[in-house]
Structures are given as structure tokens and as C-alpha cells.
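Just a sequence and a predicted model for now, questions to come.
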Amino acid sequence: MTDRAHAEEPAEERAGTWSGSWVAERLGVELAGDETLPGLLGLALRRNPKRAHLLVSNVLGKHVPQSPSVVYGHGVALGRRVRDLLGTEDAGRAVVLGYAETATGLGHCVADGLGPAPYLHSTRRPVGSVARAGGFEEAHSHATSHLLLPEDPALLAGDGPLVLVDDEFSTGNTVLNTIRALHERYPRTRYVVVALVDMRSPADAGRLDDLAREIGARVDLVTTASGTVRLPTGVLEKGQELVARHETPTAPVTEATAPVTEASGRGAVASGPAGSVARVDLRWPQDVPDGGRHGFAAVHRERLEEALPGMAARIAEALPADARRVLVLGSEELMYAPLRLAHALEQTDGGGIDVRYSTTTRSPVLAVDDPGYAIRTRLVFPAHDDPADGPGERYAYNVAGAGFDAVLAVVDSAADTPALHAPDGLVARLAAHVPHVLLAVVPSYVPRPPHASERPSMLPEPLRGPAFSSYAPDEVGWLLQDLSDVTLEAPTEEREEAIQSGGAHYAESLPVEYQPSEQYQELFHAALEASADRLARAVGAVTEIVLAERSPRPVLVSLARAGTPVGVLMRRWAQFRHGLDLPHYAVSIVRGRGIDANALRWLAAHHDPADVVFVDGWTGKGAITRELAAALRDFEVSDGVTGFDPEIAVLADPGSCVRTYGTRDDFLIPSACLNSTVSGLISRTVLRADLVGPHDFHGAKFYRELAGADLSPVFLDAVAARFPDVTETVDAQAKELLSADRTPTWEGWAAVERISEEYGIHDVNLVKPGVGETTRVMLRRVPWKVLARAGAGADLDHVRLLAEQRGVPVEEVAELPYTCVGLIHPQYTRGATGADGKAVTL
């Protein structure tokens with residue numbers, strides 16, 4: 001379904017018609033100057049009351065799709081001319097500043113050609129954690145305020161030349177405003193103004209020299225071509241009349257309205273009347289900014305150059321085999337990264353694919369489907385990056401009808417929002433006109449505050465299977481250190497006595513791994529068979545809620561280890577239902593000690609904290625929920641990193657402690673029946689001062705010796721196999737949950753407090769509510785008794801078997817809010833139980 005409204009015009013017609021002739025003939029505008037100008041510029045009419053015409057660059061890669069080598073080559077060539085002008089010494093001290101939004105990519109290319117030189121571009125996106133280093137106004141623009149937000153405040157403070165880059169130099173007002181504002185704060189002796197075209201009127205031509213004399217500095221100008229635009233009297237009014245006459249918001253090509261069939265709007269491959277939509281994982285290099293919003297240094301450039309061939313290869317692999325004409329589409333200020341990807345793709349392919357590059361824009365321009373007009377078609381969609389100036393329209397020009405077989409839309413993670421995937425969003429607009437749409441997301445670079453810890457760079461990469469855990473390497477990355485060679489196990493009774501006496505914390509040692517009997521293993525398999533559908537529904541529902549409410553591209557962070565199988569299943573559901581390849585990590589959280597702060601530092605250094613979703617298996621009384629919230633508050637104070645959401649996503653929330661869950665039923669999740677043999681052969685996490693230093697991740701062991709008894713893949717595969725059968729049910733369940741009042745009531749916590757007092761325990765930490773927590777008590781602690789809700793059925797078969805094996809009484813209770821509650825022996829000493837460790841009655 002290639003949209004070819006004007007793609008099939010004869011080449012000689014397109015080549016022989018200047019794309020400014022339509023405006024020139026109707027408005028009386030003349031373009032005078034260098035003979036190369038008509039090849040560089042076309043004309044269009046602005047939907048802007050401040051200025052009638054728009055000079056449309058054919059080589060900028062903004063409104064007109066162009067070969068990426070042409071776009072990049074023009075910028076680099078300008079940079080080399082600046083280098084020749086300045087000389088080697090001054091060029092080595094220069095800083096390049098580009099203008100948002102149209103020149104962010106051009107400025108970066110100039111910096112590449114200059115040295116490379118450090119680069120910064122202005123932005124209209126405020127970032128609360130970064131102090132402003134300046135700002136200025138752009139008088140004729142539809143969006144005027146520019147911010148300067150360098151991560152390093154010293155970037156603009158040097159005395160070397162400042163190179164200012166814009167796409168066109170027209171009135172000169174923007175440059176004058178910038179130099180005056182910056183010179184007052186950071187005076188220097190030399191400035192160089194760079195633009196593709198110098199289109200100043202004779203009246204404006206001398207103003208740059210006047211400014212140079214005023215501030216006592218040298219100001220040079222470097223451009224590709226020069227000329228002027230001659231405007232007739234009353235051009236603004238005439239332009240507005242033309243716009244009103246030709247504006248046709250319902251035209252089928254200029255205003256795309258066809259829906260996309262993308263499943264749930266989240267990036268799954270789709271087909272039908274609209275084009276298919278899929279994501280491609282670029283594997284953007286670590287610690288490389290997405291652009292120059294906060295500065296881009298030589299070290300960043302080196303890392304990017306190394307990574308580009310691999311990223312281009314991944315894009316080429318994701319493209320349909322029959323794609324011959326491909327557009328790489330950037331997003332507003334995000335111009336350089338998409339350009340370099342397009343350029344690398346062009347070089348990777350070796351000429352077999354015609355690659356073009358352009359970007360979306362804020363600029364409102366009239367579209368007229370005529371060869372003599374620069375803006376042939378217009379796609380309209382809502383802003384999708386939560387702009388500071390509020391919602392508004394955004395545009396992609398000359399995409400519809402251009403004959404593209406595929407479009408790779410490149411956005412940063414801040415712009416990968418539900419609005420991007422909405423029925424009227426950019427993805428849908430593209431899919432209505434192009435057979436294949438790929439979406440690539442570049443991590444938004446947000447500098448850490450000055451007081452933030454520098455420790456993330458010292459932390460190792462996550463551990464992965466098969467070296468650590470029996471999970472596949474892409475299923476989960478463990479933000480833990482491997483303590484497999486350390487003896488940490490202690491008899492259950494010895495641990496319990498030490499814990500309750502205050503002599504040790506439960507995270508300082510490990511229980512001896514429970515080896516299930518043949519009868520117990522049969523119970524596990526029976527429970528898995530009986531509950532697989534129910535589990536699949538809960539997995540699907542909670543994942544759909546996360547995608548709908550938390551992030552379209554969440555980073556799953558499971559709380560090791562009970563949360564890890566759930567995180568793997570949620571990741572599998574996202575792949576199955578939406579074609580998403582979600583990152584998934586496992587981290588340690590310890591009651592009374594908080595979450596692993598070094599793991600948070602690693603996550604903040606590699607992902608947007610706002611995308612992180614913490615995952616656990618189930619809630620009991622909500623102790624870990626509260627622990628996580630408190631730990632994140634402490635981390636925000638200590639490290640200055642904001643954005644982590646303490647809301648945990650769980651399969652089951654019987655305690656009514658969270659908003660994000662698959663069900664609030666208290667039922668048997670079979671992974672709770674076993675320890676490491678259903679959790680990738682990984683132990684509980686360990687936090688002990690002699691093993692875990694201040695710059696270390698918490699620890700855990702990999703029980704390789706238990707590989708023969710490992711049921712981890714059996715559990716995952718059994719649940720995932722039910723996904724196709726529960727899809728419709730999950731859709732209905734998720735829809736119902738999304739419209740329901742899911743406010744936590746914390747009724748579980750209240751019940752635990754009541755039970756603690758009624759049974760004379762007086763310590764809520766020794767009351768473990770719910771099937772999962774009760775199972776843990778039976779496997780890891782010294783149990784006292786089990787309270788079972790009257791009439792509880794097969795969900796408690798394994799608990800009853802364990803209770804029988806350990807001599808623990810099971811007491812039926814008429815009105816229990818949970819299926820069962822496990823009580824830890826409240827006055828445990830080894831002398832109170834005897835050598836076998838069985839429970840006794842107080």
C-alpha cells in the first residue's frame with residue numbers, strides 16, 4: 001500500500017520545476033542572489049500571522065526528505081570552512097551552538113566538520129534538574145523562547161570562539177539577541193555565524209558589523225549561498241488570504257485521517273488497511289546523549305561513531321525485504337541522531353535502498369500539491385512529548401504521497417508517550433500512508449544534578465544467564481553480585497533464633513534450600529496445570545495496565561527473587577501481544593534496609609527513571625510496598641535523582657496495597673511453592689557488610705548444582721503457552737480494571753494488625769498473610785501455625801502437605817480476608833522446638 005500521489009510524476013517535470021514558483025507567481029515574492037539558491041531553497045506559505053512566506057531548505061532535512069549524505073555533507077562542509085577560517089589553535093578552543101528546532105542537526109554537523117568541537121543547541125524543552133545558562137527570543141517564529149541548558153556550566157564560559165549555527169540568516173535578529181545575551185554573561189573576543197543561506201535585506205546587512213563594534217569583538221559570517229527575498233507591499237495580508245483560500249483540512253492526502261490497526265497502540269506488528277507497525281531496538285550506546293540539548297563532547301562522538309554501523313545493521317535487518325525507498329523521520333529537535341542513523345543506513349546498504357531523511361516540526365505551513373510548491377503534503381498529529389507550552393499540532397511534510405515503502409520514525413524516550421501511539425498520533429498518521437512503519441526510541445539524556453553520585457560508572461553490567469541463572473540472557477539482567485562461592489546457608493532454626501534475638505538480619509544469611517519430596521513436586525505440577533490459565537490472565541491484565549498507565553515502553557524491574565518470574569512473564573506477554581522487547585532487570589530489596597541504591601544508580605544512568613516499573617509477585621500486608629516508597633524518598637534526597645515511581649505492579653494484590661495488579665484474589669501462584677528451582681536457580685538476596693561494600697550491588701547465589709531439579713522454564717513455558725487462549729479475556733479484564741476504582745484500601749495491613757494482637761504475637765513482621773507468604777514461612781522460617789479460611793480448597797493443598805511434614809497445626813478461621821495466613825513462631829529458640837525444628841504449641 002505505497003501512497004504515491006505525486007511519487008510517480010515524470011522526473012523531468014519534478015527536476016525542471018522550481019519548488020518556489022507557485023508562491024512567486026501568486027504572491028509576487030522574488031528570490032535573488034547566487035545561482036545555486038533555487039537548488040537550495042523552495043517557497044511555501046506560513047500559517048503564521050507574523051511572517052507570510054517560508055524559505056524551505058532542500059538540504060536541511062527538515063521539511064523536504066533528502067539524501068542523508070547530502071544533508072550531512074552540507075553541514076560538515078560548513079564546519080570545515082569555519083575550521084579554515086579560525087585556524088588550528090582557535091578551532092581547537094571553539095564551541096558550537098545550534099538553534100532549535102530547525103538547526104539542531106545542522107549545528108551538530110558543523111561541529112563534526114570543525115574539529116570535532118563540543119556542541120550545544122538551544123531547546124524549548126525545560127529540564128528541571130538543569131540550570132539555565134541563558135536564553136533568548138526568536139522574533140518571527142511561532143515558538144519564540146530558547147533555553148540554553150548545558151550539563152557543564154563551563155561549556156559556554158571559555159574564551160574560545162563561539163560558532164552560532166542557524167539554517168538561514170534572514171533579519172539577523174535571532175543571532176543578535178543571542179550574542180548580546182551571551183556576551184553579557186560570557187564575554188569573548190570572537191564569534192562566527194554560520195548558515196546555509198544568508199538572505200538578509202540590504203537594510204539588515206550592516207547590523208552584524210554594528211554589533212561587533214558595540215561589544216568589541218570580531219564577528220564573521222560563513223554561508224553556503226547568499227541572496228535576498230524581495231517582498232511586495234502588503235505581502236503579509238496577501239499571504240494570509242492565500243492560506244485561507246487554499247487551506248483544505250479535510251483533504252485525504254494533506255490531512256491523514258485513516259486509523260492504524262496497531263494492537264493497543266503499543267508497537268505490535270499490525271496489518272490491514274493501514275501499514276504495519278513494529279519497533280526496532282537500536283541498542284543506543286550507553287551514556288551517549290540523544291543530541292546536543294545538554295552538550296555533546298568529543299568522547300560522545302567517538303562512542304556514537306563506533307556504534308553507528310551496528311545500529312544501522314539492526315535497522316536494515318528490521319526493514320522489509322522489498323523496501324526500496326525508505327524515509328528516516330526525526331522528531332522536532334531530535335535531528336542529529338536520526339540523520340546519523342540514516343547516513344549509516346545509506347552506507348550500510350551499499351546503494352540498494354534509496355534512503356531519505358527529514359523530521360517532524362512545530363512549524364505550521366500550508367500544503368499545496370503542486371510541483372512548484374515546496375510543501376506538497378502535510379500530516380497533522382498532536383504533540384507527543386508533553387511540551388512546556390501545552391498541547392498543540394505537529395506536522396510531517398512531504399511524507400504522504402512520496403512513494404516510501406517504509407518509514408523509520410526516530411523519537412527520544414520522552415516523546416514515546418501514549419499520544420505518539422494514539423489513533424490520531426504520528427504512528428497512526430504514518431501507517432495510513434506507508435506500508436511499513438518502524439519505530440526506534442533513543443534514550444532521552446537527562447543530566448544528573450551536580451550533587452548526584454558518580455558511582456554508576458563504577459558499577460558492573462548486569463549478570464545474565466547462563467553464567468548466572470538458568471534464564472535466557474535476554475529474559476532478565478540481574479543487578480546483583482555473584483556470591484556463589486561463599487557459604488551463606490545456615491539451618492532454619494539457627495537463623496530464626498538469630499533473627500528474633502536481634503543478633504542478625506534475615507538478609508545476612510540464606511536458608512538451606514528446601515528439596516521437595518516427590519509428593520510435593522506432584523503437587524506443584526498439579527497446581528501449575530490448574531492455575532496456568534488464571535496466571536496467564538493475571539499476567540496479561542497487569543501488563544496491559546502498565547502499558548496503558550505507566551509507560552508505552554516500560555523498563556521492568558522485578559524485586560528479586562519472587563518478582564523475577566513475574567517480570568519474565570510480563571516481558572513475554574508484551575512480546576506476544578504487542579511485539580515489544582522490554583528491558584527487564586532484577587534488583588534486591590530488603591525489609592528494614594531498603595532497595596539496593598547502587599542498582600537504582602545503575603538504572604538511572606541507563607534508563608529514564610520515569611519508565612521504570614517495579615514488579616513483584618503478590619502483596620501480603622504491604623510491607624515491601626511501604627519499604628520501596630520510603631527507600632525511593634531517601635534515594636531522591638541522597639542522590640538528587642527523581643522520577644522513580646514507588647507503585648509496584650503485581651500479579652495478585654489480596655492485601656489491597658497497590659493500584660497496578662492483575663487480580664485481587666488470593667490464589668496459589670505456583671512459583672511460590674518452590675525456592676530457587678522455580679526462580680532461575682537464584683537464591684534470596686544477601687546484604688552483609690563484609691560481603692557487600694558501599695559501591696557493590698547486593699549479592700545472591702546461583703545454585704548450578706540444582707540444574708537437574710530446575711523447574712523455572714517449565715513454569716514460564718506453561719503459563720506463556722496459555723497466552724493465545726486468554727487474549728480476549730485479558731482484553732476484557734484489563735478494560736474493566738482500567739475503568740475501576742483501584743485505590744488501595746490497605747485492608748490486609750489492618751487484618752494483620754488484628755491477628756497479631758488476637759494471637760498474642762505483637763509483631764506484624766511475624767504475620768505473613770496470603771498463600772504466597774504462607775508458603776515462604778513453611779519453606780524458610782520456623783512456622784508456628786497456619787490460619788486457613790474456612791472452605792479454602794485446592795489452593796492450600798501444598799500448604800497442608802508442608803504443614804504435615806513440619807508438624808504445624810492448620811486452624812480454620814471463619815472470616816479471614818486471605819485464603820490463609822502463616823504465623824512465624826513468636827518466641828523461637830532451638831530449645832523450644834527440639835532437634836527436628838518442628839513447631840510446638842506455646
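Done, it's in.

Okay, now the unreliable bits of the stretch 151-300 of the chain?
Counting by pLDDT under 70, the stretch 151-300 of the chain shows low-confidence ranges at 248-274.

what's the spatially most central residue of the chain in contact with, if anything?
The centroid of the chain falls nearest to residue 413 when counting by CA atoms, centre = their mean (4.0 Å). For residue 413, the contacting residues are 441, 442, 443, 444, 553, 608, 611, by CB atoms under 8 Å, 6 or more residues apart in numbering. C-beta: built from backbone N, CA, C; applies to glycine.

Quickly list what the second one is bridged to.
By that I understand residue 442. For residue 442, the beta-bridge partners are residue 412 (DSSP bridges).

What is the burial count for it?
If you count neighbours by other CB atoms under 10 Å, residue 442 ends up with 25.

what helix or strand is residue 642 on?
Assigned by DSSP states H and E, residue 642 falls within no helix or strand.

Over to the closest residue to it other than its chain neighbours. Which of the three states is it?
Once flanking residues are discounted, residue 642 sits nearest to residue 636: 5.6 Å by CB to CB, 6 or more residues apart in numbering. Classification of residue 636 using DSSP: H, G, I helix; E, B strand; the rest coil returns helix.

What number of neighbouring residues does residue 636 come out with?
Neighbourhood size, residue 636 [other CB under 10 Å]: 15.

Next one, pLDDT for residue 401 please.
Model confidence at residue 401, given as pLDDT, is 93.

Now it: phi and psi?
phi 80, psi 10 (degrees, to the nearest 10).

in terms of contact, does it touch residue 377 like I think?
Yes: assessed by CB atoms under 8 Å, residue 401 is found in contact with residue 377 at 5.0 Å.

of the two, who's got more company?
Between residue 401 and residue 377, residue 377 has the larger neighbour count (other CB under 10 Å), namely 23 against 20.

hey, C-alpha coordinates of stretch 612-627 in CSV?
The C-alpha trace of stretch 612-627 is given here as CSV (Å, rounded to 0.1, in the frame of the first residue of the first chain):
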residue,chain,number,x,y,z
VAL,A,612,10.9,2.1,35.5
VAL,A,613,8.1,-0.2,36.7
PHE,A,614,8.9,-2.2,39.8
VAL,A,615,7.4,-5.8,39.7
ASP,A,616,6.6,-8.3,42.4
GLY,A,617,4.6,-11.5,42.5
TRP,A,618,2.0,-10.6,45.1
THR,A,619,1.3,-8.4,48.0
GLY,A,620,0.9,-9.6,51.6
LYS,A,621,0.3,-6.9,54.1
GLY,A,622,2.2,-4.4,52.0
ALA,A,623,5.5,-4.2,53.9
ILE,A,624,7.6,-4.2,50.8
THR,A,625,5.3,-1.6,49.2
ARG,A,626,6.0,0.7,52.1
GLU,A,627,9.7,-0.2,52.2
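
Give me the buried positions along it.
Within stretch 612-627, the residues scored as buried using 16 or more other CB atoms under 10 Å are 612-625, 627.

which residues in the stretch 701-842 of the chain form strands?
767-769, 783-789, 810-813, 820-824 (DSSP state E, counting those that start in this stretch).
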